[in-house]
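In: Coordinates for the following, if possible.
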Amino acid sequence: MSTNAISTAATSTNERDPAMTMTPEQATQFAEVFDRMVRGVEQVLLGKSHVIRLSFTALLSEGHLLLEDVPGTGKTSLARAIAQSVRGTSNRVQFTPDLLPSDITGVSIYDQRSGSFDFHRGPVFANIVLADEINRASPKTQAALLEVMEEGQVTADGVTHPVAAPFMVIATQNPIEQAGTYRLPEAQLDRFIMKSSIGYPDHASTIRILEGSDKRAHDVVVPPVLSAATVVELAALARTVHVDATINDYVARLVDATRNATEVRLGASVRAALALIRTAKTLAAANGRHYVIPDDVKELAEPVLAHRLLLDPEAEFDGVTPSSVIAQILIETPPPGDRQLV
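Out: Alright, predicted model coming up:
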């Protein structure tokens, strides 16, 4: 199915009525384009289709992605491949302790000829921005991303400069090296719609990687599948996926459970609940459905909610992790039955 068909479908849906939901035919077309995007990135990241699907789910949910994993697992390669799959602009920023906020957002420079200050845009003005090793920058520099990640704009000298659409920040960080790093504050973690890790490849994928050792990761170029405008249209189409009232109730109960868990000092916010619904809609469409089911919510609960939880220090000392808390909550919180969804 061509991307033109998707564009036509998205436009027709918006023209009919903003309250109209996605049709089964549109869901099928959405899934075909989504799978094509995933297959392209799989050329670079072998045997990791699940994390690739999560990454594109974040993109089409109009959110930002945080990749946390040990060195050498392909975090940067994944982010670069996602950027290449979209026919738009992309920039990579290597975060270091001496990086300044203006190095990211831009700076105003005085023009002697015109007698005025001209704003020179920073690398954040792109469709996809790779923030490599984000936890190596100072808190002041990390905070420079807050406004642009949440509002899609940069304010400099009282003037607002909007970024392009779509806009996505893919940030990476190394969890095992603490020297010279600055922990991301909860306010910024909450801006990431999803946090995921890649992990080591399985044996078969490792063999395939070794067989292609004559090629470097950056030598493999992923052909662009979609234009930036089509990504915006797909995201708009994903928002029209039907969500039953029982699904909203299920998400609300899950979020409430994170706030009442004894191991948790700070539970999931309202923004987290909205993020879970948004990503569940996109995942449903990616699976060829025009409606959300409880399994969509279950699959996304850990990557969407876990990084937003702040655990009690005693629970952390006992080996409790945010992921284990979410897993236990999913077990204890009954999903809506099939008959309720009809």
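
In: What strand or helix carries A171?
Out: strand 168-173 (DSSP states H and E).

In: Tell me how far that strand lies from the chain's centre.
Out: 8 Å (Cα atoms, centre = their mean, to the nearest Å).

In: packing partners for it?
Out: Other elements packing on strand 168-173 under the criterion 3 or more Cβ pairs under 8 Å, 6 or more residues apart in numbering; DSSP states H and E are helix 49-60, strand 65-68, helix 75-85, strand 128-132, helix 139-151. In short, each C-beta sits where N, CA and C put it, glycine included.

In: and these as CSV, adding mean neighbour count, distance to I193 and mean pLDDT?
Out: As requested, the helices and strands packed on strand 168-173 are exported to CSV (neighbours: other Cβ atoms under 10 Å; distance: least, Cβ to Cβ, whole Å; pLDDT from 0 to 100):
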stretch, mean neighbour count, distance to I193, mean pLDDT
helix 49-60, 23, 5, 94
strand 65-68, 24, 7, 91
helix 75-85, 23, 14, 85
strand 128-132, 25, 14, 89
helix 139-151, 18, 10, 84
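
In: Tell me which of the ones you listed sits nearest to I170.
Out: Smallest distance to I170 across the helices and strands packed on strand 168-173 (Cβ to Cβ): 4.1 Å, for helix 75-85.

In: got the CA positions of that closest one in CSV?
Out: Presented in CSV, the C-alpha positions along helix 75-85 are these (Å, rounded to 0.1, in the frame of the first residue of the first chain):
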residue,chain,number,x,y,z
LYS,A,75,21.5,2.6,20.6
THR,A,76,23.0,5.2,18.3
SER,A,77,22.6,2.9,15.2
LEU,A,78,18.9,2.5,16.0
ALA,A,79,18.4,6.2,16.4
ARG,A,80,20.3,7.0,13.2
ALA,A,81,18.3,4.4,11.2
ILE,A,82,15.0,5.8,12.4
ALA,A,83,16.1,9.2,11.3
GLN,A,84,17.1,7.9,7.9
SER,A,85,13.8,6.1,7.4
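
In: what's the angle from it to strand 168-173?
Out: On the basis of axes from the mean of the first three to the mean of the last three Cα atoms, to 10 degrees, helix 75-85 is oriented at 170 degrees to strand 168-173.

In: The nearest residue to F56 once chain neighbours are set aside: what secondary structure?
Out: Leaving aside its sequence neighbours, F56 sits nearest to M37 (Cβ to Cβ, 6 or more residues apart in numbering; 5.5 Å). Three-state call for M37 (DSSP: H, G, I helix; E, B strand; the rest coil): helix.

In: so where's this protein shaky on pLDDT?
Out: 1-19, 177-180, 214, 216-219, 338-342 (pLDDT under 70).

In: the strands in this protein, which residues?
Out: 65-68, 86-87, 90-94, 106-111, 116-121, 128-132, 153-156, 159-162, 168-173, 194-196, 226-227, 264-266, 310-311 (DSSP state E).

In: Let me have the ones you listed in a markdown table, extended by distance to P24.
Out: As requested, those are exported to a markdown table (distance: least, Cβ to Cβ, whole Å):
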| stretch | distance to P24 |
| --- | --- |
| strand 65-68 | 29 |
| strand 86-87 | 26 |
| strand 90-94 | 34 |
| strand 106-111 | 45 |
| strand 116-121 | 42 |
| strand 128-132 | 31 |
| strand 153-156 | 37 |
| strand 159-162 | 35 |
| strand 168-173 | 28 |
| strand 194-196 | 27 |
| strand 226-227 | 22 |
| strand 264-266 | 39 |
| strand 310-311 | 41 |
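
In: Tell me which of those strands approaches L330 most closely.
Out: strand 264-266 (14.5 Å).

In: CA atoms only for stretch 25-32, dumped as CSV, please.
Out: Provided in CSV are the C-alpha atoms of stretch 25-32 (Å, rounded to 0.1, in the frame of the first residue of the first chain):
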residue,chain,number,x,y,z
GLU,A,25,-9.4,-0.5,5.9
GLN,A,26,-7.4,2.4,7.1
ALA,A,27,-6.0,0.3,9.9
THR,A,28,-4.8,-2.3,7.4
GLN,A,29,-3.1,0.4,5.3
PHE,A,30,-1.5,1.8,8.5
ALA,A,31,-0.1,-1.6,9.5
GLU,A,32,1.4,-2.2,6.0
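
In: All set, thanks.
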